[in-house]
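**Q** Take this sequence and fold it.
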Amino acid sequence: MPRTRSADRPGTGPVHPTAGAHGALRPAPVTIGAGFWHTRREVNARTSIPQGPGLLESAGNLHNLRLAAGTADGVFQGAYPFLDTDVYKWLEAAAWRLAEEPEGALAAEVDRIIALVAAAQQPDGYLNTWFQLRGNGERYEDLRWGHELYCAGHLIQAAVAHHRTTGRTELLDVARRFADHIDSHFGAPGSGKPLDGIDGHPEIETALVELHRETGEDRYLDLAAYFVDRHGHGLLGGEAYCQDRVPLREATTVEGHAVRQLYLLAAAADLASETADPGLRAATERLWRAMVATKTHLTGGLGAHHDEEDFGDPYELPNERAYCETCAAIASVQWSLRMALLTGEARYSDLIERTLYNGFLAGVSLDGERWLYVNPLQVRDGHTDPGGDQSARRTRWFRCACCPPNVMRLLASLEHYLASTTPDGLQIHQYVSGEYRADLAGAPVLVRAETDYPWHGTIALTVEETPETPWTLSLRIPQWCGTFRVHDGEATYDGTDTPVEDGWLRLERTWAPGDRVILELALDARLTAADPRVDAVRGCAAIERGPLVYCLEQADHPGGGLDDMVLDTTRPLAVKQRPDLLGGVITVLAAGHRRVPPSDGSWWPYRTAGRTAPPTGDRVELTAIPYYAWANREDGAMRIWLPTS
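**A** Numbering: from 1, shown residues only. Take a look at the predicted model:
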């Protein structure tokens, strides 16, 4: 069957609200041109995604599918019951890539693996290689750890992506059979269905909403709502880790396993959009505010604890022991996109920007071949790395390889996270070179953008297609931006006289082809301090520039000793363009000095409060690089937060 983009909804991405949805905004398609994100997506397309099948083969994921299909001999490979999900996330990433490259080697690999998945499915629709090969034939007997519904969720999302980019139904048919099987087994007490239960790892919920959107089947939406509302009722022992301690509608803060919490909240936002449920909307807004105010690292990273990969207490934000799983950053972006569409508020896209450039992008190496599962904010001098999935050193693959294909699928679909539309306008959430499009009552809008963001703050926008009636171009003014100017052909504004409301600069008029708007965001390097309740960084400062968080890395400071560095906040920061470094970056130069032992011979590291600090060592020049680019040279120390003099 020939490959074509789905004819009825060209350019449809991972989130496609129905026509009757109650959200404030709808996603708008963007074509990403040359620049920062184009480079990162090309590495993803040319290196990361193509190497996926080989890595899935060596890890045993594809072997397990062949065993389940009866086309190979041997035993199940791998230690976890959820290895099928890595295949499904890779398929989703590849499917989004097929929208831009529909023919060739990648398309053939997608066809091959879809056929393998279809062959592994049992006649009644059930599909999970662990339970088909290693179990005793009993399904859904270990919902806390078995992750059968979690795997089904990623299968559904891959199938929706494949259908939206190609119009083909092979994988969608597999996903629907599995969804129908689940729907026949799960339901609330009194529903007549044999099981009342939830998965220990939310994911099926948001996938079912999207399957409803793709197929029009209301029962998928109803099943998603059932799963969301059954969390917190003790079906898995009442543990916060599994999002089972308190019903989501009653929760006051995020807790437990960070990725599980965020996937569940993404589904709640989807449901609030489709059903206009005020309780779900209030809960998602309340929990997002609590998370951002008290449990989010400067990088946008989430998850304070290595133990159980979970959120900590409010303001418990450690540095070297920060978990900040790459999947949690991805889940945060997915949830915040849905919140931006639901509410229309710019703050959600502020967090998306921070997370994309920092907590997310650090998870993949610049060459696209190595990965970080966890993303600490500090690696100490002489750090002894335990290796494995929790390593602070980049790794080719993991025993639990959830993060690499998750990165692949977000980068492959990134153009769907950048803009939105309403009946009367176009909203630009993230700035890239390329084309932003909208359809206003059947009239096309096309705005071309030229920018070198995030290295420089000028974004030049040219209207190329427009109706002859008024509409509003809305530009997000980032939360970090203290100074900006706008030239729109009729007037020049700055931050003191420009009508910015809730983070949006709205320009309404009757536009004509050729009209230009120049937005200039000041990208001065700056020092950032944390709320004093964040004990781990009290008395410290971090360096930022535009949306980028910076760090010191041992490779730029011969002799090491980053643990001894003190930042001199009395001296100005300077920037230096380094096209030769880390694929081309702008570094920030700062002044500092090294601590030295006290000259009075004291051996005790504590002193009376208010006493003069011991003398310090020689001044040194500190070179800060963007955090996303760390761990791409030699292994060594790194830190974001620095004590101040």
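**Q** Tell me which residue lies nearest the centroid of the protein.
**A** Residue closest to the mean C-alpha point of the chain, counted by C-alpha atoms, centre = their mean, is Ile330 at 2.1 Å.
**Q** sec struct for that residue, please.
**A** helix (DSSP: H, G, I helix; E, B strand; the rest coil).
**Q** Likewise for Ala591?
**A** Here Ala591 is recorded as strand under three-state DSSP.
**Q** Check Ala293 too.
**A** Quick answer, by three-state DSSP: Ala293 is helix.
**Q** With Pro314 as the reference, measure out to it.
**A** Noted for Ala293: a distance of 8 Å to Pro314, by C-beta to C-beta, to the nearest Å. All C-beta spots, glycine's among them, are computed from the backbone N, C-alpha and C.
**Q** got it, and Lys193?
**A** 39 Å.
**Q** before we move on, back to that, so the residue nearest to the centre of the chain sits against Val407, correct?
**A** Yes: using C-beta atoms under 8 Å, Ile330 is in contact with Val407, at 7.0 Å.
**Q** Are there residues contacting both of the two? Which ones?
**A** Residues touching both Ile330 and Val407 by C-beta atoms under 8 Å, 6 or more residues apart in numbering: Phe360.
**Q** picking up where we left off before, and Ala293 and Pro314? Which one has more around it.
**A** Neighbour comparison, Ala293 and Pro314: the larger count goes to Pro314, with 15 against 12 (by other C-beta atoms under 10 Å).
**Q** Show the pLDDT at the closest residue to the more buried one other than its chain neighbours.
**A** Excluding its sequence neighbours, the residue lying closest to Pro314 (C-beta to C-beta, 6 or more residues apart in numbering) is Thr294, at 3.7 Å. On pLDDT, Thr294 comes in at 98.
**Q** which residues does Thr294 contact?
**A** Counting by C-beta under 8 Å, 6+ apart, Thr294 touches Thr253, Pro314, Tyr315.
**Q** What sits closest to the last one if chain neighbours are left out?
**A** Distance criterion C-beta to C-beta, 6+ apart; nearest residue to Tyr315, sequence neighbours excluded, is Arg533 at 4.2 Å.
**Q** Next, the one you found: phi, psi?
**A** Main-chain torsions, Arg533, degrees, to the nearest 10: phi -80, psi -10.
**Q** again, but for Val445
**A** phi -120, psi 130.
**Q** Remind me what the helix or strand of the chain with the lowest mean pLDDT packs against, helices and strands.
**A** In the chain, no helix or strand scores lower on mean pLDDT, DSSP states H and E than strand 492-494, which sits at a mean of 76. In terms of contacts (3 or more C-beta pairs under 8 Å, 6 or more residues apart in numbering; DSSP states H and E), strand 492-494 is packed against strand 484-487.
**Q** what are the pairing partners of the strand it packs on, and which direction each?
**A** In the sheet, strand 484-487 lines up against strand 492-494 (antiparallel), strand 516-521 (antiparallel) (DSSP bridges).
**Q** Other residues contacting it?
**A** Contacts to strand 484-487, defined as C-beta under 8 Å, 6+ apart, come from residues 457, 475, 477, 492-495, 498, 505, 507, 516-522.
**Q** How about Tyr453: what's its closest non-neighbour residue?
**A** Distances taken as C-beta to C-beta, 6+ apart place Tyr431 nearest to Tyr453, at 4.6 Å, with adjacent residues excluded.
**Q** residue contacts, that neighbour?
**A** Ala449, Thr451, Tyr453, Ile459.
**Q** The closest residue to Arg538 other than its chain neighbours: neighbour count?
**A** The shortest distance from Arg538 to any non-neighbouring residue, by C-beta to C-beta, 6+ apart, is to Pro532 (5.6 Å). Neighbouring residues of Pro532 were enumerated by other C-beta under 10 Å; the total is 10.
**Q** Hmm, Pro532 is touching Tyr315, no?
**A** No: using C-beta under 8 Å, Pro532 is not in contact with Tyr315, being 9.1 Å away.
**Q** gap between the closest residue in space to Arg595 that isn't next to it in sequence and Val620?
**A** Leaving out its chain neighbours, the residue that sits closest to Arg595 by C-beta to C-beta, 6+ apart is Asp564, at 4.6 Å. Asp564 sits 10 Å away from Val620, going by C-beta to C-beta.
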